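Novice: Can you look at this prediction? I've put the sequence above it.
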Amino acid sequence: MTLEDETGTINIIVWESVAERLRRDLLAASLLTVYGRWQCQGDVLHLVAQHVINHSHLLGELVVASRDFH
């Protein structure tokens, strides 16, 4: 998995044993919190996932309004 924002990208590594344990949340989530261990290789950041929480239910409460910047 990859997370990206205006500062760059971060790779999320999910080992097979973790993926099996958290399969439902990993496949179903639209909004996900990932807890894990940081690894750095040069300028590349990796987050090795140990636990995830599916927060997709919160998206139903999200208020979305159109913004016109022109």
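Specialist: Cool, the structure landed.

Novice: So what's the residue count around residue 11?
Specialist: By other CB atoms under 10 Å, the residues close to residue 11 number 14. Where C-beta positions appear, they are placed from N, C-alpha and C, glycine not excepted.

Novice: If I look at it, what pLDDT would I see?
Specialist: For residue 11, the pLDDT comes out at 91.

Novice: That one contacts residue 2, doesn't it?
Specialist: Yes: distance between residue 11 and residue 2: 5.8 Å, which falls inside the contact criterion (CB atoms under 8 Å).

Novice: for the protein, what spans make up the helices?
Specialist: For the chain, applying DSSP state H gives helices covering 16-21, 23-28.

Novice: Show me what counts as buried in the last one.
Specialist: Translated: helix 23-28. For helix 23-28, a neighbour-count test (16 or more other CB atoms under 10 Å) marks 25-26 as buried.

Novice: And for stretch 12-25?
Specialist: For stretch 12-25, burial by neighbour count (16+ other CB under 10 Å) applies to 12, 14, 18, 22, 25.

Novice: and what of stretch 27-38?
Specialist: For stretch 27-38, a neighbour-count test (16+ other CB under 10 Å) marks 29, 32, 34, 36 as buried.
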